[in-house]
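Asks: what would the 3D arrangement of this be:
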Amino acid sequence: MKRTSVGHMNCSVARSLDVVGEWWTLLIVRNMLMGQRRFEEIQADLGIARNILSDRLTTLVEHGIVDRVRYMEHPDRYEYVLTQKGRDLFPVIAAIMAWGDAWESPDGPPLVFQHSCGHTVAAGATCSACGGALTLDTVRARRGPGWPRPE
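Replies: Residues are numbered from 1 along each chain as shown. Okay, the predicted model is just below:
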């Protein structure tokens, strides 16, 4: 069944999901964040069908999340490199991972992040002004500059 696009909605979540909402897409980005760049290694690690991987990589390239870079000629061979837009998905992946560690990993986290200071860390959102934790109880939504103006 083909999904209907939600990218037309005036909602940043809907527009983002229109690009990265297919579940294979975030797994591909996760693998790329962990250093995989070649089609064959991503395909082998994920066990994803080649046509699906090709389609997802094409979408990521079209949206500027990944660059397709030739690394060999005769025959032409390419690798996929995350752009800054793609690298900026790291906190999204880390947040999903932290949620999964807390709620879907009864034996403990299958992977942990170690910060450059040497400590093991978990994702968490904080206020850019005061450093306080962002939770449903500490934030509220209000209209931003992209909210539609009355006609």
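
Asks: residues near the nearest residue to residue 127 once chain neighbours are set aside, how many?
Replies: Counting by Cβ to Cβ, 6 or more residues apart in numbering, residue 134 is the residue found nearest to residue 127 once chain neighbours are left out, at 6.2 Å. For every residue, glycine as well, the C-beta is placed using N, CA and C. The tally of other residues near residue 134 (other Cβ atoms under 10 Å) stands at 12.

Asks: where do the helices of the chain begin and end?
Replies: Remark: helices assigned in the chain by DSSP state H are 12-20, 23-33, 39-46, 50-62, 84-87, 90-103.

Asks: so which bits of stretch 116-132 are buried?
Replies: For stretch 116-132, a neighbour-count test (16 or more other Cβ atoms under 10 Å) marks residue 123 as buried.

Asks: and what of stretch 69-84?
Replies: 79, 80, 82.

Asks: then stretch 36-48?
Replies: Within stretch 36-48, the residues scored as buried using 16+ other Cβ under 10 Å are 36, 37, 39, 42, 43, 46, 48.

Asks: nothing else from me, thank you.
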